[in-house]
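Peer 1: build me a model:
(2 chains)
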Amino acid sequence: MLRTALRNVFAHKARLLMTMLAVLLGVAFVSGTLVFTSTISDAFQKSSQKGYADVDVSIRQDGSDAPQGRETVSPLSQRALDKAANLPGAASATGVVSGFAALSDKDGKLVGDGFSTQGANYYAGRDGKGTDARYPMKDGQAPRAEGQIALDAKTAERTGYQVGDTVRTSVNGPVREEKVTGIFTTDDGNVAAGGTLVLYDNATAQKLFAKPGEYTEIALKAGPGVSQTALKEQAQKVLPADTEAVTGKKLADDESKAIENSMSGMKTSLLAFAGIALFVGIFIIANTFTMLVAQRTKELALLRAVGASRRQVTRSVLIEALVVGAVAGLAGMAAGVGIAAGLRAVVGNMGNMPDGPLVIEPNTVVVSLIVGVLVTLLAAWLPARRAAKIPPVAAMGALHAPASTRSLILRNTIGALFSAAGAALVLMATKADDGKAPMGLGAALLVIGVFILTPLLSRPLIAAAAPVLRLFNVSGKLARQNAVRNPRRTAATASALMVGLTLITGLTVIASGVQQAVNKMASDSLKADYTISMANFTQLSPEVEKKLVQSDQVTATSPLRNAYADIGDESEYLTGVNGSSIGKLTNIDFTAGGWPGLSSGKKVVVDNATAKEKGWKLGSDFTVTYEDGRKATLTVGGLYEGNQMIKGILVDNKAVTPHMSEVADMQVLAKTKDGAGDEVKEALTKQLGDNPAILVEDKKDISEGIAQMINILLNMLYGLLAMAVIVAVLGVINTLAMSVFERGQEIGMLRAIGLDRRGIKRMVRLESLVISLFGGVLGIALGVFFGWAAGELIAGAGLDTYTLVLPWGRLGIFLALAAVVGVLAALWPARRAARLNMLAAIKTE
Amino acid sequence: MTTSTRPHDYAGGPYPGAPAAHTSTGVAAARATDLSKVYGQGETQVVALDRITVEFRRAEFTAIMGPSGSGKSTLMHCMAGLDAISSGSARIGETELTGLKDKKLTQLRRDRVGFIFQAFNLLPTLSALENITLPMDIAGRKPDKAWLDRVIQTVGLADRLKHRPNQLSGGQQQRVAVARALASQPEIIFGDEPTGNLDSRAGAEVLGFLRNSVRELGQTVVMVTHDPVAAAYADRVVFLADGRIVDDMAGPTADSVLERMKSFDAKARRS
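Peer 2: All right, here's what the predicted structure looks like:
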């Protein structure tokens, strides 16, 4: 039987091609993901090891028991550095101080994305005359005094800055003009990953990122023969309070682990999409084997007639599947390595990744092969069983035994039950408090139910297309009838496309709703024309507000200042605002009380959620303990409905600022005389010194920024789901090619009695179009339903402004996409049909 | 393929031999002149038809006979515009088929030629009536209602029109195929072993319809067969052997045709 199976694989090479491609694509996705993630992971780990090569022990603030959010004063003074440097095992000690530093490019725009631009000190030794081993200068000299900086080579190349250029930087507000004195190379992990590093001289960096004379970290290098652990033990004896000593190896390991973790998240989500592509592939594999078995009915019956057992027949089909799966798995693995290499090149070119070789782990090879074989075997299992059920007598009888109606009735009943249960669960979940799990289950049930029901749905839905198809005369009529001729086959083909389109549509519907909700929130809750914040959303210097007030455009401002305080046993943030102007800048719904009294500093306004949690009512008094230990009593003067923009306890800055060790604002709201507009924005930006680190955004910018984020995310998801759609296209091609092959005689007859090549092509194309649109309509309908249901959950989970938005334009595009899939998939089968040799086709067997 | 023992089924049956030759109008419905068909090249070259010249007259029922491999099917395919010829000329009416582009050829088959195949070749998705009107549907023409009714009456399918092919017997299916060929009133109908897949009774019925269509409707029919009894329904039998026309018999009977065929077999055995 093995020989029979192998012969069959070779005999049906062409017909198995699409199946192989489908498996191949899915496996390539899996192996590509695995190779790519291990390659990135490996490159980052190597780079992080390099980054810590010069650090044997690091003395740093002990983060474990520092209260969250409270700005602690760094205890690492020059004295601590000197002490560490004098340890017997230490060869050298470097004081490190670093933080966020924005660099503007030649057009005045921020370099990088705001989160990856760092500033640090160039530590030139105790006397300030040495060199810093971490940053060898490639060009020019290290910064020695205020007003001088050095840039990393990658950033210098990207921005075109050279030694001698004047650049603008900003750390927490004011703009600094600096002269580039040097360009350096570094193994710093952040730079390797595409970040920017600006080096200041030691004193300036201390002033900017800590306090004069203080460091955020001390890096020790061990002397010859001193181990990291030994040095750590020595260091522990001289540790200042609230600091800890960590070996370089541990730092590197921790970073490795962090990289591993972030990679595994990415890996899991990529593999999920690979799983979807493979799932779609299952339909195609099952369809192919079903068709092959049907075409071989006589042959298989003959095998049974001459004495092969059922099990042998099943096994022969499964061996075929095994061969297909193994070959496709191997090819897919190779293709995956290619994909990973391509991705690495792309990511590498964007400068976001350190260099490193392609890493193919043995696991990757094993997993890819297993996935390929298992998926194929699983999909071929039902057809194989069906093959075994062919009675020996079929060898003598008709070619294709029609499917019994009983199984369709059973099938439809099961499908209806699944669909109904699934839909009911989803509907219930939208009303439930925690509906995620039931909704997931319901969605799965509904999708399975619809899969089972597609053969039944195919007739009425495709019949609905009849009026349009009638325009194409005979070709249209024949196409429609061919499409419903084998409902199971049509259904499996359409289902493959349905899966991809359901997900794409669902995500799009949710994204549209979220985007609209965010827009509404931004415009509804804010009366301010502008919000001013740091590019990386760290804290702003209070200077910024002061500068804004000076502008004659600005009519009202208020900072949003996070003040840390204890209320009872719990730590809370109070939001410090300008009590007299906040009412003009925000638009919030009071359920009781209001703004009056807020500016006195004795009253607060609280959102309903917080009030409920604390048990406060209008007029309730409560005691807060500020950062500096002072206590005060505040009264609830207003209760409001909170939203994503404004929530929590609002209090006047008068009350909180005196107690803060370091005053900084999260955001400044500003209202202008002329409202939002390009000129006003320019004026404000100018007022703030054309600062690259400060974002001046009007409501439109805010919603556009969010829209952009949503779009990037959505496009990524589209890209990942494209694989599932491509596999579905292979399925349509496969089904059509098989159908054309099976209907060779009919097509030959049609040609003989006068249907021209164009007519034949059109018939095949229209059939393809009908099947694809059928899958498309089902997918879009399901996607809209799921999108609506998930939206209800989102709205229930706190995004109150969420309402269902049907993106008709996009939905139209998806339907058009399904049509394009149909037309493209039919290209080759239609050509084949039109080229069919008439004489060979009409000759009897 | 059916075997040549078939004729005995009809021997002494209720069906008379063919009547005297039908008066021909003298204008050819189709004509081959020096028609040759060669397959392959060089060493492997096979001459299927060797400079054949033959004429099929209007309103005449012609049978083409010959042993297997004699080229009878190839001749029909070439005359019907289903296959390209190597040299010479093939005409339907006054239209020369050689050199016609596929599109024109397809149109010619659609509008001027009818076909009946051995394997019925009906579309399983269409009803009997839809199958009958298929050539007109392809052409985008409305069928001539009166004529259609008459054809349907003639082949006796009036109560089966809504049925799908798989709900019809083999004989009924081939009657649908005959009706399809007749319905568009083609200049000439080609039949490729039209009774090859039928039992004797159903075969006799179909042949009867074909003969009647020639007699009563003035249709021209050319049929390839190797069954002498089927050939006996024709007005004229053209015999082919080794790609050449070796005989032309008017007013054949089953016996005379069988005799003639036997002489071929004998010759073939001798050589």
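Peer 1: centre-most residue in chain A?
Peer 2: Centroid-nearest residue in chain A: residue A:713, 5.6 Å away (criterion: C-alpha atoms, centre = their mean).
Peer 1: burial check on the residue in chain A positioned nearest to chain B, number of neighbours?
Peer 2: Of chain A, the residue with the smallest distance to chain B, taken as C-beta to the nearest C-beta, is residue A:754 at 2.3 Å. Placement of C-beta: from N, CA and C, glycine included. By other C-beta atoms under 10 Å in any protein chain shown, the residues close to residue A:754 number 26.
Peer 1: ok, now residue A:177?
Peer 2: Here the count is done by other C-beta under 10 Å, and residue A:177 has 10 residues near it.
Peer 1: on the three-state scheme, it is what?
Peer 2: Following DSSP: H, G, I helix; E, B strand; the rest coil, we place residue A:177 in the strand state.
Peer 1: got the contact list for residue 178?
Peer 2: By default, I'm working from chain A. The neighbourhood of residue A:178, defined by C-beta atoms under 8 Å, 6 or more residues apart in numbering or on different chains, consists of A:147-149, A:166-169, A:200.
Peer 1: the intended chain is chain B.
Peer 2: Residues near residue B:178 by C-beta under 8 Å, 6+ apart: B:116, B:155, B:194, B:206, B:209-210, B:213.
Peer 1: quick one: what helix or strand has it in it?
Peer 2: Element membership for residue B:178 (DSSP states H and E) is helix B:170-183.
Peer 1: quick check: mean pLDDT of that helix?
Peer 2: Predicted confidence along helix B:170-183 averages 90 (mean pLDDT).
Peer 1: check which residues of that helix are buried.
Peer 2: B:171-183 (16 or more other C-beta atoms under 10 Å in any protein chain shown).
Peer 1: the following helix or strand past it pairs with which strands, parallel or anti?
Peer 2: On the C-terminal side of helix B:170-183, the closest following helix or strand by DSSP H and E is strand B:188-192. Applying DSSP bridges to the sheet, strand B:188-192 is found paired with strand B:113-116 (parallel), strand B:221-224 (parallel).
Peer 1: least reliable of those by average pLDDT, please.
Peer 2: Least confident of those, judged by mean pLDDT, is strand B:113-116 with a mean of 91.
Peer 1: for chain A, what are the nearby residues on the stretch 1-150 of chain B?
Peer 2: Within the stretch 1-150 of chain B, the positions adjacent to chain A are B:1, B:77, B:80, B:82-83, B:102-103, B:106-107, B:109-111, B:114-115, B:117-119, B:121, B:123-126, B:134-135, B:137-140 by C-beta under 8 Å from any C-beta of the partner chain.
Peer 1: can you do 6 Å?
Peer 2: For the stretch 1-150 of chain B, the residues in contact with chain A (C-beta under 6 Å from any C-beta of the partner chain) are B:77, B:82-83, B:103, B:106, B:109-110, B:115, B:117-119, B:121, B:123, B:125, B:135, B:137-138, B:140.
Peer 1: state the helix or strand in which the residue of chain B found nearest chain A lies.
Peer 2: Residue nearest to chain A within chain B: residue B:110 (2.3 Å; C-beta to the nearest C-beta). Residue B:110 is part of helix B:102-112 when elements are defined by DSSP H and E.
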